[in-house]
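S.K.: next come a sequence and a model predicted from it.
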Amino acid sequence: MISFNIPPYVGTEQTYIAEAVASHKICGDGQFTKKCNAWMEEKFHAKKVLLTTSGSTALDMAALMCGIHPGDEVILPSYTFSSTANSFVLAGARLVFVDIRPDTMNIDETKIEAAITDKTRVIVVVHYAGVACEMDTIMDIAQRHNLMVVEDAAQGVMSTYKGKYLGTIGDFGCYSFHETKNYSMGEGGAIVVNNPDYIEKAEILREKGTNRAKFFRGQVDKYTWVDFGDSYLPSELNAAYLWAQLEKADEINENRLATWNTYYQALKPLADAGKIELPTVPDGCVHNAHMFYIKCKDLEERTAFIQYMKEHDILCVFHYVPLHSATAGLKFGRFDGVDEYTTKESDRLVRLPMYYGFKQDDLQRVINNAVSFYKE
Ligand SMILES: Cc1ncc(COP(=O)(O)O)c(C=O)c1O
């Protein structure tokens, strides 16, 4: 069976985990966490990056720092993972879902302004498949309406928009290092704090509401409980696994891109013949090959495609069921405007196997079977 995903593994993970164990420092913020934070700050030109226990908790931190009051509204796409929405529900917001663009599956920046009310506080963008949202337009809207911007860049680590790394454009960026992501630590994530006013707040929030980070830097002579907080520090064991991957970040990226490009070229004739649609990467966006998807004609054809591939020992999977029609989505939010594309496009989308080190033979088998499905 060709798996849909195999977690990334470069070979040095065990050595680094053993080092963490030998150092007798396996809780958070040891040498590997520091190395990962510093690497991301330098590579992404980010003011502050802090590892967290997941992409979901990075989003929780961002939502909590947005200073939401009961009744405040947050604009987000409905085509996303539940975590994007959960964090803002947790912070007390009402969710306002906006339609997506069919070409990138990202929030339609032209429909955001109509959804803004006097209660709107935040725009949350999701860079689907590691392809950037139209950030210039979104940042301009946010500035004109005095709104904060949170980037859910769970899938967008290493991607750029007009030369800027995803996650570093809004007030906060959130990365995921779950085993399904390009770089992994099992469960884990990071928050990127771009707005310097929030750096200290983020450190306190992540460290159970204490100013321990300041104490460790020698800026205060004792640490104490200074504000509301929680525990968002991952263990050093997880950070050690991630460090191995970050050292090989370019190699992993190039390897995934090669697979993505092979899929794209091989399936282009099917797209040219009008049988499927391929992903779009707009000008100015450099993506990280997080995902390779195709769009079938409709839900029925997609179901048949997934079944056909399964019969040929290949696991292909669909993705999000739009949040606005889910039980919790109905409870916590509303869809603004018309659902022109969210439901229709999500019904047609199917993801093909994609991971670091995907073997050429397996890749060719997936391609051959996809082509034969459309021949039959
Ligand atoms: C768009 C998006 N947001 C948030 C998350 C949550 O990340 P994590 O699984 O690390 O909590 C994921 C991934 O699972 C995701 O794809």
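M.R.: Okay, I see it.
S.K.: next, the buried residues of stretch 356-375.
M.R.: For stretch 356-375, a neighbour-count test (16 or more other CB atoms under 10 Å) marks Tyr356, Phe358, Leu363, Arg365, Val366, Ile367, Asn369, Ala370, Phe373, Tyr374 as buried. Any C-beta I mention is one placed from the backbone N, CA and C, and that applies to glycine too.
S.K.: helix or strand: which one has Glu151?
M.R.: Following DSSP states H and E, one finds Glu151 within strand 148-152.
S.K.: so that strand, near the ligand or not?
M.R.: Yes - shown here: strand 148-152 in contact with the ligand (CB under 6 Å from any ligand atom) through Asp152.
S.K.: which neighbouring elements make contact with that strand?
M.R.: helix 55-65, strand 120-126, helix 135-144, strand 172-176 (3 or more CB pairs under 8 Å, 6 or more residues apart in numbering; DSSP states H and E).
S.K.: ok, the last one: who's next to it in the sheet?
M.R.: Here the strand partners of strand 172-176, with direction, are listed using DSSP bridges: strand 148-152 (parallel), strand 189-193 (antiparallel).
S.K.: tell me the SS of Glu345?
M.R.: Here Glu345 is recorded as helix under DSSP: H, G, I helix; E, B strand; the rest coil.
S.K.: what count of nearby residues applies to it?
M.R.: 19 (other CB atoms under 10 Å).
S.K.: please apply the same query to Met105.
M.R.: Met105 has 26 neighbours, counted by other CB under 10 Å.
S.K.: on that earlier part again, whatever helix or strand comes next after the strand holding Glu151: how far from the chain's middle?
M.R.: Downstream of strand 148-152, the next assigned helix or strand under DSSP H and E is strand 160-161. Mean-position distance between strand 160-161 and its chain equals 14 Å (CA atoms, centre = their mean, to the nearest Å).
S.K.: longest helix of the chain?
M.R.: helix 249-272 (DSSP state H).
S.K.: that one: which residues count as buried?
M.R.: The neighbour-count check on helix 249-272 (16+ other CB under 10 Å) flags 249, 252-253, 255-256, 259-260, 262-264, 266-267, 270 as buried.
S.K.: my read: Ala266 touches Asn369, true?
M.R.: No - Ala266 is not in contact with Asn369 according to CB atoms under 8 Å; the separation is 11.5 Å.
S.K.: in space, what's closest to Met1 - neighbours in sequence excluded?
M.R.: Of all residues not flanking Met1 in the chain, Asp313 sits nearest, at 4.7 Å (CB to CB, 6 or more residues apart in numbering).
S.K.: where's that neighbour relative to Ile306, distance?
M.R.: Going from Asp313 to Ile306 by CB to CB, to the nearest Å gives 13 Å.
S.K.: domain parsing of this structure, as residue ranges.
M.R.: Using automatic domain parsing, the domain parsing of the chain gives 13-247, 249-375.
S.K.: and among these, the most buried is which?
M.R.: domain 13-247 (a mean of 21; mean count of other CB atoms under 10 Å).
S.K.: how about Tyr128: what's its closest non-neighbour residue?
M.R.: Leaving aside its sequence neighbours, Tyr128 sits nearest to Met105 (CB to CB, 6+ apart; 4.4 Å).
S.K.: just list the residues touching the nearest residue to Ser231 once chain neighbours are set aside, thanks.
M.R.: Closest residue in space to Ser231, ignoring its immediate chain neighbours: Lys208 at 5.5 Å, by CB to CB, 6+ apart. Contacts here follow CB atoms under 8 Å, 6 or more residues apart in numbering; on that basis Lys208 touches Trp225, Gly229, Asp230, Ser231.
S.K.: contacting residues for the last one?
M.R.: Under the criterion of CB under 8 Å, 6+ apart, the contact partners of Ser231 comprise Thr53, Arg206, Glu207, Lys208.
S.K.: most remote residue from this structure's center?
M.R.: Residue farthest from the centre of the chain, counting by CA atoms, centre = their mean, is Asp221 at 38.0 Å.
S.K.: show me the contacts for Tyr107.
M.R.: Just so we're on the same page, residue 107 is Ile rather than Tyr. Contact analysis of Ile107 by CB under 8 Å, 6+ apart lists Ile75, Leu76, Pro77, Val98, Asp99, Ile100, Arg101, Val125, Val126, Cys133, Ile138.
S.K.: what do you get if the cut-off is 6 Å, keeping everything else the same?
M.R.: By CB atoms under 6 Å, 6 or more residues apart in numbering, the residues touching Ile107 are Pro77, Val98, Val125, Cys133.
S.K.: for the protein, just list every one of the strands.
M.R.: Assigned by DSSP state E, the chain shows strands spanning 48-52, 73-77, 94-98, 120-126, 148-152, 160-161, 164-165, 172-176, 189-193, 285-286, 292-295, 333-335, 349-352.
S.K.: wait, doesn't Glu236 sit right on Phe32?
M.R.: Yes - look at Glu236 against Phe32 with CB atoms under 6 Å: they come within range, at 5.3 Å.
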